[in-house]
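Colleague: Below are the sequence and a predicted model for it; my questions follow.
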Amino acid sequence: MVIKQKALFLFVSLLFAGLTVAGCGPKPTVTQQPEQAIPVETATVSQGSLADTTVATGKLDALESSNVAPGGTGGKVESINVKVGEQVAKGQTLITLENTALTAALHQAEQGVAQAQQGVVQAQSNLELSKVNFEQAQANYQRGKELYDGGAISQGGVGGFETAYQLPYDQAKIDYENVKPAGLASAQAALGTAQAGLESARANYDHAFIKSPISGVVTAVNINPGELASPGSPTPVVTVINLDKVVVKATVTEGQINTLKQGQQVPVMVTAVSATPLTGVITDISPAADAASKAYPIKVQLDNKDHLLKPGMFAELRLSQSQPATLLAPKEAVVQIGGVDNVWIVVDGKATSQPVTTGSSDEKNIQILKGLKEGDQVVTSGQNMLQENAKVEIKKPAATTPAGASSAGTTSAGVTSGGTTAAETKSGEATPSGAASAGAASSETKSAETKSGETN
């Protein structure tokens, strides 16, 4: 019995020693992967001024336009000489009215002026002749007076001084100083009347030819041949606009009006024509607000040599004024972390978050009032992948490196890392599983030995 106990003790000791040696064997090796650099895009914080831009809306209008109506008493339309869309010059005849009677009246008036002009010429000739007669009568009067004073002739009688010298002189003087000048004045008055009649006849005749007061493009013809063109009609017979220049009529607030100046260039967006802003010039600034809207009217003029801009198109004026220089960063650099504005700063290839106090912003930049300094390098793309002190790799903008390729590379690296971690986890789980198996085997062995002992 003692021998069996010693044998059993020796067997158990050997079994325990074997298990101990097995338990002290080498453990599975876990491989450490190098830290992956996260690709990001960055920008440098710098001093600058935000563009304080407001938008004023309005519609385009032609700088020059004319609603053409007949002059005088109007008349029946004989012919229409233009079409809609046709380019016309200033003074070009657009519509011709019937003018037979007006032509005859004009010719008659022209003849009346010609006759009156001849009457003036005749009156002037008569005046010159009367002057010669007066000068001769005056010379004869002086000789007769000398004869009379010397007693050579008598005062009266057929050959006396009064009959032969005084009377002819007096008549010549009256004719020269009164009669002939009056005749000339009458002839000149008749000429004036004739000329006035001619001007009236010519005006009536000219009214038969409705002309364009400006150079431009015909946009409407509202009458047909044979219809009566009346100056009192509310509808113009023809509309002409000059599209070489157009104007935007808009209004601005009292806070903006004093920041604008005549001659100032402003960007103008007309999306119906161009995807990029056009350049306009402020030409009119009202010094008083509109009574209804309480806003201040302004006008901005644009060149339109290609006539692409049309009256009635919608336009936006981009009115900008510079703010004081401040520290600026791209808007996309500011992210929310725990409800607080932060930016990620890159220092020595690693990213750290930095709380910031922000101010105003425009379409691109935002003011940094506190938290950064000029020259700091901030992350503008890739922040969602960052953790504190994460290693980063600065990439060029997406225009140079395709976003898809960069994203795929990042995703691929993540999967590889995840796979390695999974493998390590399974490798780590192998040891306790093995130990459990070994323990189970040991228990089974002990159980068998116990049963064997009991049997024995």
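Modeller: Great, that's in hand. Model, not experiment: these values are computed from the prediction. Numbers count the residues shown, from 1 in each chain.

Colleague: For residue 347, which non-adjacent residue is spatially closest?
Modeller: Of all residues not flanking residue 347 in the chain, residue 377 sits nearest, at 7.7 Å (Cβ to Cβ, 6 or more residues apart in numbering). The way it works is simple: take the backbone N, C-alpha and C, and place the C-beta from them, glycine included.

Colleague: and the one you found, what is it in contact with?
Modeller: Under the criterion of Cβ atoms under 8 Å, 6 or more residues apart in numbering, the contact list for residue 377 reads 42, 43, 44, 45, 345, 346, 347.

Colleague: hey, what's the last one bridged with?
Modeller: Translated: residue 347. Note on residue 347: beta-bridge partners residue 350, judged by DSSP bridges.

Colleague: How is this protein divided into domains?
Modeller: Following the assignment in automatic domain parsing, the chain carries domains at 38-49+325-394, 99-206, 242-322.

Colleague: Now do the second one: distance from first to last residue.
Modeller: Start to finish, the residues bounding domain 99-206 are 9 Å apart (Cα to Cα, to the nearest Å).

Colleague: how much space is there between the residue nearest to residue 347 and residue 392?
Modeller: Using Cβ to Cβ, to the nearest Å, one gets 10 Å for the distance from residue 377 to residue 392.

Colleague: Can you check which residues contact both of those two?
Modeller: Shared contacts of residue 377 and residue 392 (Cβ under 8 Å, 6+ apart): residue 346.

Colleague: just for the stretch 351-456 of the chain, where's the confidence low?
Modeller: Residue ranges of the stretch 351-456 of the chain with pLDDT under 70: 397-456.

Colleague: one more time with 90
Modeller: Residue ranges of the stretch 351-456 of the chain with pLDDT under 90: 359-364, 383, 385, 387, 395-456.

Colleague: Is the residue nearest in space to the middle of the chain part of a helix or strand, or is it coil?
Modeller: Nearest to the geometric centre of the chain sits residue 268, at 1.4 Å (Cα atoms, centre = their mean). With DSSP: H, G, I helix; E, B strand; the rest coil as the basis, the three-state label of residue 268 is strand.

Colleague: Is it in contact with residue 301, as I believe?
Modeller: No: the pair residue 268 and residue 301 fails to qualify as a contact (Cβ atoms under 8 Å) at a distance of 9.8 Å.

Colleague: Tell me which residues touch the residue lying closest to the residue nearest to the centre of the chain once chain neighbours are set aside, please.
Modeller: Spatial nearest neighbour of residue 268, chain neighbours left out: residue 280 (4.3 Å); criterion: Cβ to Cβ, 6+ apart. Residues near residue 280 by Cβ under 8 Å, 6+ apart: 248, 265, 266, 267, 268, 300, 301, 302, 317.

Colleague: ok so, going back, return a ChimeraX selection command for the buried portion of the contacts of residue 377.
Modeller: In ChimeraX syntax, the buried subset of the contacts of residue 377 is picked out as below (16 or more other Cβ atoms under 10 Å):
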select :42,43,45,345,346
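
Colleague: Could I get the contacting residues of the closest residue to residue 394 other than its chain neighbours?
Modeller: Spatial nearest neighbour of residue 394, excluding adjacent residues (Cβ to Cβ, 6+ apart): residue 42 at 5.4 Å. When contacts are counted by Cβ under 8 Å, 6+ apart, residue 42 touches 346, 377, 378, 379, 380, 394.

Colleague: and what of residue 68?
Modeller: Each residue near residue 68 by Cβ under 8 Å, 6+ apart is listed here: 94, 210, 212, 213, 236, 237, 238, 239, 240.

Colleague: bridging residues for the residue nearest to it when sequence neighbours are not counted?
Modeller: Excluding the flanking residues, the one nearest residue 68 by Cβ to Cβ, 6+ apart is residue 238, at 4.4 Å. Per DSSP bridges, the residues bridged to residue 238 are residue 68, residue 221.

Colleague: Number of residues surrounding residue 238?
Modeller: Neighbourhood size, residue 238 [other Cβ atoms under 10 Å]: 26.

Colleague: So it is in contact with residue 218, correct?
Modeller: Yes: with contacts counted by Cβ under 8 Å, residue 238 reaches residue 218, the gap being 6.3 Å.

Colleague: what do these two both touch?
Modeller: Common contacts of residue 238 and residue 218 (Cβ under 8 Å, 6+ apart): 82, 94.

Colleague: which secondary structure elements does whatever helix or strand residue 115 lives in contact?
Modeller: For residue 115, the enclosing helix or strand under DSSP states H and E is helix 100-149. Judged by 3 or more Cβ pairs under 8 Å, 6 or more residues apart in numbering; DSSP states H and E, helix 100-149 is in contact with helix 161, helix 167-174, helix 180-207.

Colleague: cutoff 7 Å now
Modeller: helix 167-174, helix 180-207 (3 or more Cβ pairs under 7 Å, 6 or more residues apart in numbering; DSSP states H and E).

Colleague: The last one to helix 100-149, inter-axis angle?
Modeller: Comparing the axes of helix 180-207 and helix 100-149 via axes from the mean of the first three to the mean of the last three Cα atoms, to 10 degrees yields an angle of 170 degrees.

Colleague: What's the first helix or strand after helix 180-207?
Modeller: Sequence order places strand 209-211 as the next helix or strand after helix 180-207, per DSSP H and E.

Colleague: Thanks a lot, see you next time.
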